[in-house]
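**Q** Sequence first, then the predicted structure, then my questions.
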Amino acid sequence: MLMCEYCPLTEDDNYYEQPSSRRTHMCVTEQSDTQSLFSQSVKNTPGPDMLSYRDLRLAREWDKERIGRLTKVAIRIGRPPEVWMCDIGVVIRKPGKDNKTMVTAYRSMSLLSPIGKVVEKVLTELLSEKANGRGLLSGGQLGSREGRSAIDAVAIMVNGANAA
């Protein structure tokens, strides 16, 4: 019912029926969505819905469970509402670039909805946790793994170069 109301099918969709109910949404905890929300800067520019992370934090203080419920519903139905995934493309001048005719004097930005980013971050953490728990990633996989960083990658490269 929620999927039909908040995520109506469009011509581009390849979904013919609602995805089967899965249990991944049951793994979303208050701690996971709170951590995802508070790991973002309140100085970020809002997206098309004009909500900022500061607004979401205030909403969380008002109703602690609401963001968690929204996150769970988006994960359970298999995709977030389309309005959360819309963006606004913005082109701004880089500071210190005087030649306005050069393309390199500009930076493009995509402003997304903060609630959509929170859902993405929660889902990314869940997927990463499942992949690590089931041993689906190779030992050489460094990206998106807890306790591994770019410094580890450099150390592996230097070690390999020294061994050769």
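**A** Sure thing, it's come through.

**Q** how much space between the residue nearest the centre of the chain and residue 103?
**A** Nearest to the geometric centre of the chain sits residue 120, at 3.1 Å (CA atoms, centre = their mean). For residue 120, the distance to residue 103 (CB to CB, to the nearest Å) stands at 29 Å. (C-beta placed from N, C-alpha, C; glycine too.)

**Q** now do residue 150
**A** Distance, residue 150 to residue 103, using CB to CB: 28 Å.

**Q** which of those two has more neighbours?
**A** Neighbours were tallied for residue 150 and for residue 103 using other CB atoms under 10 Å; the higher tally belongs to residue 150 (9 against 6).

**Q** buried sites along the longest helix along the chain?
**A** The longest helix of the chain (DSSP state H) is helix 114-133. Neighbour counts over helix 114-133 (16 or more other CB atoms under 10 Å) mark 114, 115, 116, 117, 118, 119, 120, 121, 122, 123, 125, 126 as buried.

**Q** Look up the closest residue to the fourth one, ignoring the ones flanking it.
**A** Looking back up the chat, that one is residue 117. The shortest distance from residue 117 to any non-neighbouring residue, by CB to CB, 6 or more residues apart in numbering, is to residue 40 (6.9 Å).

**Q** What of the first one?
**A** For residue 114, the nearest residue in space outside its immediate sequence neighbours is residue 53; the separation is 5.0 Å by CB to CB, 6+ apart.

**Q** Roughly how far does the one you found sit from residue 42?
**A** Distance, residue 53 to residue 42, by CB to CB: 5 Å.

**Q** Pick out whichever of the two has more residues nearby.
**A** Using other CB under 10 Å, the more surrounded residue of residue 53 and residue 42 is residue 53, with 20 against 12.

**Q** what's the distance between that one and residue 140?
**A** From residue 53 to residue 140 the distance is 35 Å (CB to CB).

**Q** tally of neighbours for the residue lying closest to residue 121 once chain neighbours are set aside?
**A** Distance criterion CB to CB, 6+ apart; nearest residue to residue 121, sequence neighbours excluded, is residue 36 at 4.0 Å. When counting by other CB under 10 Å, one arrives at 21 neighbours for residue 36.
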